[in-house]
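> sequence? don't have it. structure:
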């Protein structure tokens, strides 16, 4: 029987290990989903916390640093009118659309003695396929 381990029995671990601690109250997980409805985009988020986390506020910021949507709470949906769609660089060239356009979702948890600040990048992508025809936004992709 062979041993395929990165340690020897009773001898310890033979690789780098990182140990860290977390506070009693913290953000454990953030789930973000985006959707398009015509020209409007929606960003739904759900924030899981451990312990008695503080008040959570979420804002969506565009590339210029302007806040385009804001909400409080652990779960909500942000509506973005005239959302900018993410396009691959090769399809956006000379088309007048922003290639690789991503928004920044900023999550702020405010406790009396501590503030947690998390940022996530997200964008809107529309892809549908019918038989041999594939559509990316309003442009056709080769099969």
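Ah, there it is. Everything numeric here is computed off the predicted structure, so don't read it as measured data.
> Dig out what the nearest residue to residue 124 once chain neighbours are set aside forms beta bridges with.
Excluding its sequence neighbours, the residue lying closest to residue 124 (Cβ to Cβ, 6 or more residues apart in numbering) is residue 41, at 4.6 Å. Bear in mind the C-beta positions are built from the backbone N, C-alpha and C, glycine included. Beta bridges link residue 41 to residue 36, residue 80 when assigned by DSSP bridges.
> And residue 41, how far from residue 88?
Using Cβ to Cβ, to the nearest Å, residue 41 is found at 18 Å from residue 88.
> more crowded one of those two?
More neighbours surround residue 41 than the other of residue 41 and residue 88, with 25 against 12 (other Cβ atoms under 10 Å).
> Quick one: residues contacting the more buried one.
Counting by Cβ atoms under 8 Å, 6 or more residues apart in numbering, residue 41 touches 34, 35, 79, 80, 83, 124.
> Repeat that for residue 72.
Residue 72 touches 55, 56, 57, 58, counting by Cβ under 8 Å, 6+ apart.
> Just the ones in strands from those residues, please.
55, 56, 57, 58 (DSSP state E).
> Dump the residues you listed into TSV; add pLDDT, distance to residue 115 and neighbour count as well.
Below are the ones in strands among the contacts of residue 72 laid out as TSV (pLDDT from 0 to 100; distance: Cβ to Cβ, whole Å; neighbours: other Cβ atoms under 10 Å):
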residue	pLDDT	distance to residue 115	neighbour count
55	84	11	11
56	88	11	22
57	91	11	14
58	94	14	24
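> Distance to residue 27 for these - can I get that in CSV?
What follows is the ones in strands among the contacts of residue 72, written out as CSV (distance: Cβ to Cβ, whole Å):
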residue, distance to residue 27
55, 12
56, 8
57, 12
58, 11
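> show me the contacts for residue 68.
Per Cβ under 8 Å, 6+ apart, neighbours of residue 68: 60, 61, 62, 80, 103.
> shouldn't the second one be in contact with residue 107?
This points to residue 61. No - if you go by Cβ atoms under 8 Å, residue 61 and residue 107 don't touch, sitting 11.6 Å apart.
> between these two, which one's more packed in?
Here residue 61 and residue 107 are compared on neighbour count by other Cβ under 10 Å; more neighbours surround residue 107, at 19 against 16.
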